[in-house]
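J.: for reference, the sequence and a predicted model appear below.
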Amino acid sequence: MAVKLNEVPAVEHLSGGNLACAGCPETLAFRHVLKALGDNTIVINATGCLAVVMQMAVPKVPHFHVLLENAPAVISGIDGALETLGRREGVNLLVVAGDGGTADIGFSSLSSAVERGQDFIYVCFDNECYMNTGGQRSGTTPHGARTSTTPVGRVTKGEDRAPALRKDMVEILAAHRIPYVASTSVAYPLDLMERVQKAAQVRGPSYIHCHSPCPTGWGMKAEETITAARLAVETGSVVMYEIENGVRRVTRKVPRRKPVDAYLAMQSRFKHVTKDPEALAAMQTQVDLGYEELMARMSP
């Protein structure tokens with residue numbers, strides 16, 4: 001059932017004040033994730049930006065900061081311990097991590113925990129880079145993006161993914177044949193809450209990938225976080241959909257996609273692309289191919 005604005009709980013599960021950059025999408029999204037799950041939640045936070053933020057904005061629920069690579073292993077231990085003690089029923093076990101801790105360094109631990117059928121919700125806040133450690137490229141960094149490890153120069157022109165696409169964590173987790181997987185965005189908090197509530201009803205592992213534009217790392221104004229996130233969806237660069245027991249469904253349809261240059265132009269990491277008509281056309285082609293490929297997989 002869709003979450004309505006007047007149904008959003010007024011209670012806050014994050015204490016006031018934090019160390020986040022202005023416009024930080026992870027803080028905004030995490031706030032709504034906790035609203036969707038409520039008090040009876042245990043949070044495991046992999047090292048990353050959110051771990052730094054929560055040194056002050058401490059969740060008012062049990063919360064543990066662990067290493068970048070082992071958050072799913074830790075939640076597995078908690079899942080097993082609560083089951084043994086007969087206290088597992090009704091407790092939401094939540095892992096939150098960035099794309100580095102999800103698609104790269106923590107992937108083995110995540111895949112193993114999912115394959116074992118551990119009962120937990122995993123939310124990845126994807127800002128497409130290792131923002132906490134200087135902006136290095138990650139497995140979800142898009143083609144053409146300038147990062148500290150994929151600079152723009154005479155030879156290198158940012159992240160080179162041609163002709164491949166970036167790592168698709170939603171489809172990778174769906175390939176594990178788990179009950180629920182979803183793609184959402186910080187720009188649509190009610191949709192995010194609905195996906196989280198659906199995941200909480202699942203017995204077994206569930207995965208939610210939340211697109212989270214980073215003003216600091218992407219070179220945008222702090223107040224443009226949500227605008228950029230919406231444009232990502234409106235251009236087809238990000239598709240909001242869910243896979244429930246193998247059935248794929250788009251959760252936010254875009255009848256007429258906008259050109260990708262409107263989205264890229266907001267970000268200084270793509271300045272070299274928007275100035276090069278050939279590179280921009282190639283980027284549009286890549287987005288189109290990725291979008292059409294994904295749409296072809298949707299259930300009838």
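T.: All right, it came through fine.

J.: CA atoms only for the longest helix anywhere in the chain, dumped as PDB, please.
T.: In the chain, taking DSSP state H as the definition, the longest helix is helix 277-297. The C-alpha coordinates for helix 277-297 follow below in PDB (Å, rounded to 0.1, in the frame of the first residue of the first chain):
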ATOM      1  CA  PRO A 277      28.900  17.100 -28.400                       C
ATOM      2  CA  GLU A 278      30.300  13.700 -29.300                       C
ATOM      3  CA  ALA A 279      30.800  12.700 -25.700                       C
ATOM      4  CA  LEU A 280      27.400  14.000 -24.800                       C
ATOM      5  CA  ALA A 281      25.700  12.000 -27.600                       C
ATOM      6  CA  ALA A 282      27.600   8.900 -26.500                       C
ATOM      7  CA  MET A 283      26.400   9.400 -23.000                       C
ATOM      8  CA  GLN A 284      22.800   9.800 -24.200                       C
ATOM      9  CA  THR A 285      23.100   6.600 -26.200                       C
ATOM     10  CA  GLN A 286      24.400   4.700 -23.200                       C
ATOM     11  CA  VAL A 287      21.600   5.900 -20.900                       C
ATOM     12  CA  ASP A 288      19.000   5.000 -23.600                       C
ATOM     13  CA  LEU A 289      20.400   1.500 -24.000                       C
ATOM     14  CA  GLY A 290      20.500   0.900 -20.300                       C
ATOM     15  CA  TYR A 291      16.900   2.100 -19.900                       C
ATOM     16  CA  GLU A 292      15.600   0.100 -22.800                       C
ATOM     17  CA  GLU A 293      17.400  -3.000 -21.700                       C
ATOM     18  CA  LEU A 294      15.800  -2.700 -18.200                       C
ATOM     19  CA  MET A 295      12.400  -2.000 -19.600                       C
ATOM     20  CA  ALA A 296      12.600  -5.100 -21.700                       C
ATOM     21  CA  ARG A 297      13.000  -7.100 -18.500                       C
END
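
J.: which parts of the protein are helices?
T.: Going by DSSP H, the chain shows helices at 25-37, 49-53, 71-85, 99, 107-115, 169-174, 189-200, 215-218, 225-234, 261-264, 271-274, 277-297.

J.: any idea how far residue 7 is from the nearest residue to residue 124 once chain neighbours are set aside?
T.: Distances taken as CB to CB, 6 or more residues apart in numbering put residue 102 closest to residue 124, at 4.1 Å, once the chain neighbours are dropped. C-beta: built from backbone N, CA, C; applies to glycine. Using CB to CB, to the nearest Å, one obtains 29 Å as the distance from residue 102 to residue 7.

J.: looking at the two, which is more packed in?
T.: residue 102 (32 against 10; other CB atoms under 10 Å).

J.: could you measure that one against residue 277, distance?
T.: 35 Å.

J.: one more: residue 207?
T.: When residue 207 is compared with residue 277 (using CB to CB), they lie 38 Å apart.

J.: number of nearby residues for residue 123?
T.: Neighbour number of residue 123 under other CB under 10 Å is 26.

J.: how about residue 225: what's its closest non-neighbour residue?
T.: Nearest one to residue 225, counting by CB to CB, 6+ apart, is residue 23 at 4.3 Å.

J.: and what of residue 294?
T.: residue 239 (5.5 Å).

J.: same check on residue 214?
T.: That would be residue 127: by CB to CB, 6+ apart, it lies 3.9 Å from residue 214.

J.: so that neighbour touches residue 98, yeah?
T.: Yes: contact criterion CB atoms under 8 Å: residue 127 and residue 98 qualify, at 6.5 Å.

J.: okay, and the common contacts of those two?
T.: Common contacts of residue 127 and residue 98 (CB atoms under 8 Å, 6 or more residues apart in numbering): 26, 49.

J.: quick revisit: redo the helices of the chain as CSV? Include mean neighbour count, mean pLDDT and distance to residue 250.
T.: Shown next, in CSV, are these (neighbours: other CB atoms under 10 Å; pLDDT from 0 to 100; distance: least, CB to CB, whole Å):
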stretch, mean neighbour count, mean pLDDT, distance to residue 250
helix 25-37, 23, 95, 20
helix 49-53, 22, 87, 28
helix 71-85, 18, 98, 28
helix 99, 27, 97, 22
helix 107-115, 19, 97, 23
helix 169-174, 20, 97, 12
helix 189-200, 22, 98, 11
helix 215-218, 20, 96, 25
helix 225-234, 20, 98, 11
helix 261-264, 20, 96, 19
helix 271-274, 18, 96, 27
helix 277-297, 15, 93, 8
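
J.: closest to residue 131 out of those helices?
T.: helix 215-218 (4.4 Å; CB to CB).

J.: about what we covered before: how about residues contacting the longest helix of the chain?
T.: 143-144, 157, 161-162, 165, 235-237, 239, 241, 248, 250, 257, 259-261, 264, 270, 272-274.

J.: brilliant, that's me finished.
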